[in-house]
Structure formats: structure tokens, C-alpha cells
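**Student:** Provided below for reference: sequence and predicted model.
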Amino acid sequence: MGRMKRILGILLISAVLCGCGEKGGGQGAGTESSDVPAETGSEIEVLKDGSIVETITEEFAKEYYDAANLKDMLMEEVEDFNRNLGEGSVTVDEFESADGKLMVKMKYPSSEAYSAYNTDTYNHKTLFHGTIEQAQEAGYSFDISLTDRNGEKTIGKEEILKMGSSKIVIAESPSQVKIPGKILYVGENVEALGKNRAAMCADENGNSLGEYYVVYK
């Protein structure tokens with residue numbers, strides 16, 4: 001079965017990820033005034049109940065592709081996926097084509113559902129959301145360093161694991177992320193853009209730079 005990101009990758013012109021600074025994926029250098037979403041690219045929002053909303057906004061070539069057909073393909077794909085989903089359902093909350101851009105907003109009941117929908121032979125967009133303790137139990141390694149939101153303090157594995165009850169988002173695909181709290185620390189190639197938003201930076205070709213970590217309370 002296809003996945004939304006594969007369909008959009010075929011039918012959309014650009015895949016620009018905005019938000020990362022020119023220094024190429026620094027840590028924790030955000031300001032409150034930068035707490036705004038990117039105009040194009042992908043944003044993942046974690047809601048208080050643990051559900052995930054992903055908004056993808058890209059430039060759209062109407063002369064080559066038909067938005068109505070694309071929407072029909074996506075709705076069929078989601079319906080097919082939901083037949084095998086244990087609890088909850090994936091929904092397409094918005095699908096709009098205007099001013100040369102296409103915006104798609106999808107809601108997932110959990111990070112597990114997000115990962116299942118967006119991971120297949122062609123894509124690997126796993127997402128974890130939970131506590132640091134739960135992430136460790138799930139097999140994530142914390143042999144890493146994290147830097148606080150202001151870029152002033154760096155901590156390692158021992159200090160990270162002491163924060164076992166703190167919430168964490170771990171992603172494998174670059175995007176912006178918005179969380180329902182205050183960012184405490186970010187990992188390598190993550191730039192804090194404000195108190196509750198960060199940019200997971202891509203390489204020069206738009207590809208992932210590894211796992212992205214955002215710790216919040």
C-alpha cells in the first residue's frame with residue numbers, strides 16, 4: 001500500500017524544509033520571536049492527548065497534476081490503512097490547493113499510528129512520543145548529548161536518564177515540530193525556534209541527518 005509522503009513526493013514540485021539556520025543544524029539557538037511555522041515543508045504537532053497532527057505545505061504545479069485526483073488517492077489510501085488499525089483512525093482534516101501551494105493536514109491517533117502509516121518499502125518516518133523512560137524501554141539509545149533550548153548547557157546520557165519522567169519526541173525524518181509544553185533540550189541537528197517549536201534540520205539534499213530528539217515538560 002502507498003503512503004501519503006510517497007504520493008506527495010511524486011506529485012509535488014518542492015520539498016523545502018524551512019526553519020533551520022544557515023549554520024546547518026545548530027542546537028538550541030532559538031528565540032521567542034521565531035516561534036512561527038514554516039511556510040512550506042512539514043510540521044508535526046504533538047497534542048496533549050498524544051495524537052499527532054502533520055501539516056505538509058508544498059508548491060503545487062496545477063498544469064501537471066490535478067488536486068482532486070490527488071485527494072481521491074489520499075482518501076482511498078487512508079481508508080485502506082484504517083481497516084487494519086487497531087484503535088482510532090487516521091483522518092485527513094484539511095486538503096487545500098490555493099495560491100500555487102497545496103496544504104494537507106492529517107491527524108493520527110498516536111505516534112505508533114503515524115509510524116505505521118509513514119513507514120514502508122519507500123519511506124521510513126518513524127516517530128516516538130512518550131517519556132524518556134519509555135523511550136529507553138523501547139530500545140532507543142541515549143549515548144548522545146542534548147543542549148538546552150538557549151544553547152547554554154549540554155548534558156549526556158547519565159543526566160538524560162535521570163530525567164526519566166520528562167516527555168520526549170524522537171523522529172527520523174526532518175520537519176518542524178510543535179509540542180504541548182516547554183522545550184528543555186534538543187539533540188544534534190535540531191534548532192529550537194521558540195519555547196514550543198523546533199526545526200529538525202535536513203542535509204543539503206533534504207535528507208535526514210539521523211535521529212532527532214526534543215525533550216520537553
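**Tutor:** Nice, I can see it.

**Student:** any idea which element Gln136 lies in?
**Tutor:** Of the helices and strands defined by DSSP states H and E, Gln136 is found in helix 132-137.

**Student:** which secondary element of this structure has the worst mean pLDDT?
**Tutor:** Of all helical and strand segments in the chain, the minimum by mean pLDDT, DSSP states H and E falls on helix 4-11, at a mean of 53.

**Student:** next helix or strand past that helix?
**Tutor:** Using DSSP H and E, the next helix or strand after helix 4-11 towards the C-terminus is strand 41-46.

**Student:** Could you check how many residues crowd around the closest residue to Leu161 other than its chain neighbours?
**Tutor:** For Leu161, ignoring the flanking residues on the chain, the nearest one in space by CB to CB, 6 or more residues apart in numbering is Phe142 at 6.1 Å. In this view, the C-beta of every residue, glycine as well, is placed from N, C-alpha and C. Applying other CB atoms under 10 Å, we find 18 other residues in the vicinity of Phe142.

**Student:** quick one: buried residues of the longest helix along the chain?
**Tutor:** In the chain, taking DSSP state H as the definition, the longest helix is helix 67-82. For helix 67-82, a neighbour-count test (16 or more other CB atoms under 10 Å) marks 70-71, 74, 77-78, 81 as buried.

**Student:** Where does pLDDT dip in this structure?
**Tutor:** Residue ranges of the chain with pLDDT under 70: 1-19, 21-40, 62-64.

**Student:** Roughly how far does the most centrally placed residue in it sit from Gly88?
**Tutor:** By CA atoms, centre = their mean, the chain has its centre lying nearest to Ile44, at 3.9 Å. As judged by CB to CB, to the nearest Å, Ile44 and Gly88 stand 17 Å apart.

**Student:** from memory the residue nearest to the centre of the chain sits against Ile179, does it?
**Tutor:** No - Ile44 lies out of contact with Ile179 (CB atoms under 8 Å); the separation is 9.2 Å.

**Student:** Mutual contacts of the two, please.
**Tutor:** Shared contacts of Ile44 and Ile179 (CB atoms under 8 Å, 6 or more residues apart in numbering): Val169.
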